[in-house]
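Chemist: what's the 3D shape of this:
(chains A and B)
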Amino acid sequence: MLEGEAKEERFKYLLRRAVLLPVVLLLGTGALFTWAAARVLDHAKLVTLSDEIIEHATSTLRLAVDMETGVRGYQVTGSREFLQPYEAARPAIRDQFNALDTLVAVPLQREQLRALESAHAAWAALAERVIAGRARGETLQDAATNRQGKALFDAFRAAVARFVATEQQLRRGRTAQFEASNRKTLAGGLVCLVAVGAVLGWYTQRQLRAVAAMFAASESAAREEAGKARAAAEELRTARDHLEVRVRERTLELQQALAKAQEVDRLKSQFLATMSHELRTPLNSIIGFTEIVLAGLPGELNAEQSKQLEFVRGSAKHLLHLINDLLDLARIESGRVEPAWEEISPREVLDEAVNTVRPLADRKGVVLTEEVDVPDRLRTDRKMFFQVLLNLLGNAIKFTDRGEVRLVAKRDGDTLVTAVRDTGIGIKPEQIPQLFEAFRQIEGSVQRRYEGTGLGLYLCRRIVALLGGTIRAESEFGRGSAFIFTLPLHPP
Amino acid sequence: MTTSPPHVLMIEDNEQNAYLARYLLERAGFAVSVHTTGQAGLAAAGAECPQLVLLDIQLPDRDGYAVARELSRNPATRAIPVVAVSSFALPGEKARAFATGCVGYIEKPIQALNFVAQVRSFLRSAEEKKP
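Modeler: The predicted structure is shown next:
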C-alpha cells in the first residue's frame, strides 16, 4: 500500500508507461507505413518510367520513320524541301536517345538501347551516303543500297520492337510489383493496425487496470480510513455526550454543594447574629439595673450591698467582655471580617486610646505616657486599630502594679511602629511563643489574679494581620514587657 | 406655664429592657409609652406624635429596619427622630440604621448612667434641625 508521495510517483510512472508504448507503437507504425508507402511509390515510379521509356522508344521509331520518309522523298525528288523532316528529326531523335540514355538503367535494356542506337546509327550512316549521293546528282538508285537501307531500317525497327517489348515486359513486372506492394502495404497496414490496436488495447487496459488497482487500493484504503474516522467520530460523539452528561451532573453537584455551603454560611451568620443578640440581651438587664441600683437611684445602699453589687457589676462586665471577644473571634474565624479602610489621623486614635485607659492607670497608680511621632495620615480600619491599642494598653496596665506604661509610636520607612512598654511582671521566655495563641493564659497561681479571656492577644494578632501588619512581644521576666506591632502606611 | 413633658415612644418587646429604659427616662422627666410590636408601634407613632421613637431592631413581628423605613416614609411620622437600639453584632447594621432613616443608634447593653444624656442629645439635634 503506497502512501502520498510514493503513490504519486507510481501513478506518474504508470501514466508514462501507459502513454509511452502507444506513442512508440504509433511512431513505429508510422515509420513502417511511410517506408511501405515509399516503396509503393517507388514501384509506381518504375511503372511510369517504363511508360516514359516506351514512349521515347516509340518516338525514336516515329522520328526514324520521318527521317526515312525524308530521305526517300529527297531521293525521288532531289528537292531539299523533302529533307526537312529528316533534318528536323535528326536532332530530335538524338534527344530521344539522350533521354533514353538517362532513363534506362536495367543492364539488358541498356544493351538493347545501345543496339538500338547502333542500329539507327548504321541506318543513319547509309542515309547520309544516299543523301550525299543524291546531292551529287546520282538519281539512280542502287537496288543493293535500297535493300541494305530497308534491311537496316528493319533491323532498327526490330531493335525498337525488341526494346519496347522488353520494356513492356518490365512494365508488366513492375506493375505487378506495384500492385503487390500495394496489396502488401494495405494488408500489412491492416494487420499492423489490428495488431497495434490489439496490443495497445491490451496494454492500455493493463495500465488502466494498474492505475485502477492503485486507485482501488487507495480508495479501499480511504474507505477504510473513512470507516475508521467515522467510527472514531462516533466514539468521540459518544464520549462527548458522556462528558456532557458528567459535566452536567458535576455542575449540578457543585451547584448543590454551593447552595448548601451558602446556606451553611447564611445559617452561621444568622447564628452569630442571634447568639450575639441573645447573649447580650440579659446582660442589658444585669448591667443596666446593677448600675442604676449602685447609683442609688431607686434608694440608698448600705456599704455591704454596694460591695456585693460591685462584684455583680464586675462579673457582668467581664461576661460582656468575654462575649464580645468570642463573637469577634467567631467572626474573624469565619472570615467574615473585612477592614473598613479609611484615612485616619493616627495621633487622634492613639490619644483616644490613652485617654480611655487613663482612669485604669490612675486607679492603679501607674504612670501612663505617650511618645508619638507619626505621620498625619494613615490608611487603616479605625475601630480595629483602636481595639488593638486598647487591648495592649489594658494588658500593660493590668500586669503592671508599679512603674509606668509607655505608648511609643513612630514611623519606620513604610510602616507605623507602635509599642506598648510596661514595667510590669514580664513574661518567661519559654512562654512568649504561646502568647498570641487562642485560649492560652499564662499558667501559674500568681497570674490567676489577672482576668482575661485568653483571647485578647490572639484577636490582636488576627486583626493586625487583617490590617497588613505584624505583632510581636519582648519581655524580661520581672522587669517588664513590650508589645510591638506594625501597620503599613500604604496598605494594598 | 406647664409644658407637657417630652414624649418618647418605645417600640420594644423585651419587658426588662422596656422597664429599664422607662425607669431611667421617667426619672428624667420624660413621658414614655411602650409598644411591643412593630405594627402597634407604627400605628401609635402616627397617632401619638411623640418627640422621639426608640426602636428596638429585634422585634417579634417585623424587621426593625422595615419599621424604621415605614416611619420615615409615612408623612405622619416622617418628622419624628428615630433612634435604633440594638446589640449591633453584625457589620453594616449601624449603616443600615442610618440608611433606613434613623438619626442615630444606641448600642446594647445600654450604659444605664449615660442613657438619658444620649436621648437628650438626639432630641437636641432634632430640635436644631427643625426649620
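Chemist: drop to CA atoms for contacts and neighbour counts, all remaining ones
Modeler: OK.
Chemist: now check the helix or strand hosting A:E249, is it near chain B?
Modeler: For A:E249, the enclosing helix or strand under DSSP states H and E is helix A:143-294. Yes: applying Cα under 8 Å from any Cα of the partner chain, one finds that helix A:143-294 is in contact with chain B at A:272-273, A:276-277, A:280-281, A:283-285, A:287-289, A:291-292.
Chemist: could you pull out the strands for chain B?
Modeler: Using DSSP state E, the strands of chain B run over B:7-11, B:31-35, B:52-56, B:82-86, B:104-107.
Chemist: wait, doesn't A:A92 sit right on A:L63?
Modeler: Yes: using Cα atoms under 8 Å, A:A92 is in contact with A:L63, at 7.4 Å.
Chemist: And for the residue in chain A that chain B sits nearest to, the neighbour number?
Modeler: Taking Cα to the nearest Cα, chain B has its nearest neighbour within chain A at A:N284, 4.0 Å off. Around A:N284 there are 23 other residues, counting by other Cα atoms under 10 Å in any protein chain shown.
Chemist: ok, it touching B:I110?
Modeler: Yes: with contact defined as Cα under 8 Å, A:N284 reaches B:I110; the gap is 6.1 Å.
Chemist: Quick check, the residue in chain B closest to chain A?
Modeler: Counting by Cα to the nearest Cα, chain B gets nearest chain A through B:P109, at 4.0 Å.
Chemist: Share the number of residues neighbouring that residue, please.
Modeler: 21.
Chemist: Pipe the strands of chain B into JSON lines and attach mean neighbour count per row.
Modeler: Converted to JSON lines, the strands of chain B look like this (neighbours: other Cα atoms under 10 Å in any protein chain shown):
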{"stretch": "strand B:7-11", "mean neighbour count": "24"}
{"stretch": "strand B:31-35", "mean neighbour count": "19"}
{"stretch": "strand B:52-56", "mean neighbour count": "25"}
{"stretch": "strand B:82-86", "mean neighbour count": "26"}
{"stretch": "strand B:104-107", "mean neighbour count": "18"}
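Chemist: Adding mean pLDDT, write those strands out as CSV.
Modeler: Listed next are these as CSV, based on pLDDT from 0 to 100:
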stretch, mean pLDDT
strand B:7-11, 96
strand B:31-35, 96
strand B:52-56, 96
strand B:82-86, 94
strand B:104-107, 92
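Chemist: Now render the ones you listed as TSV, adding distance to A:Q112.
Modeler: As requested, those are arranged in TSV below (distance: least, Cα to Cα, whole Å):
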stretch	distance to A:Q112
strand B:7-11	167
strand B:31-35	170
strand B:52-56	163
strand B:82-86	161
strand B:104-107	161
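Chemist: quick one: pLDDT of the closest residue to A:S345 other than its chain neighbours?
Modeler: In this structure, A:S345 finds its nearest non-sequential neighbour in A:R377, 4.9 Å apart by Cα to Cα, 6 or more residues apart in numbering or on different chains. Note on A:R377: pLDDT of 90.
Chemist: picking up where we left off before, by neighbours, which of the residues of helix A:143-294 next to chain B wins?
Modeler: A:G288 (26 neighbours).
Chemist: which residue packs closest to that residue, ignoring adjacent ones?
Modeler: B:A112 (4.9 Å).
Chemist: Surely the one you found is in contact with A:I292?
Modeler: Yes: in this structure, B:A112 is within contact of A:I292 by Cα under 8 Å, at 6.5 Å.
Chemist: what sits against the residue positioned nearest the centre of chain B?
Modeler: Nearest to the mean C-alpha position of chain B, by Cα atoms, centre = their mean, lies B:L54 at 1.3 Å. By Cα atoms under 8 Å, 6 or more residues apart in numbering or on different chains, the residues touching B:L54 are B:8-11, B:82-85.
Chemist: Show me which of those residues is closest to A:P85.
Modeler: B:A84 (168.4 Å; Cα to Cα).
Chemist: Would you check that that closest one makes contact with B:Q58?
Modeler: No: with contact defined as Cα under 8 Å, B:A84 does not reach B:Q58; the gap is 10.1 Å.
Chemist: ranges for the helices of chain B?
Modeler: Using DSSP state H, the helices found in chain B span residues B:15-27, B:38-48, B:64-73, B:93-99, B:115-129.
Chemist: With distance to A:G227 as new columns, can the ones you listed be given to me in TSV?
Modeler: Formatted as TSV, the helices of chain B follow (distance: least, Cα to Cα, whole Å):
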stretch	distance to A:G227
helix B:15-27	85
helix B:38-48	77
helix B:64-73	70
helix B:93-99	69
helix B:115-129	87
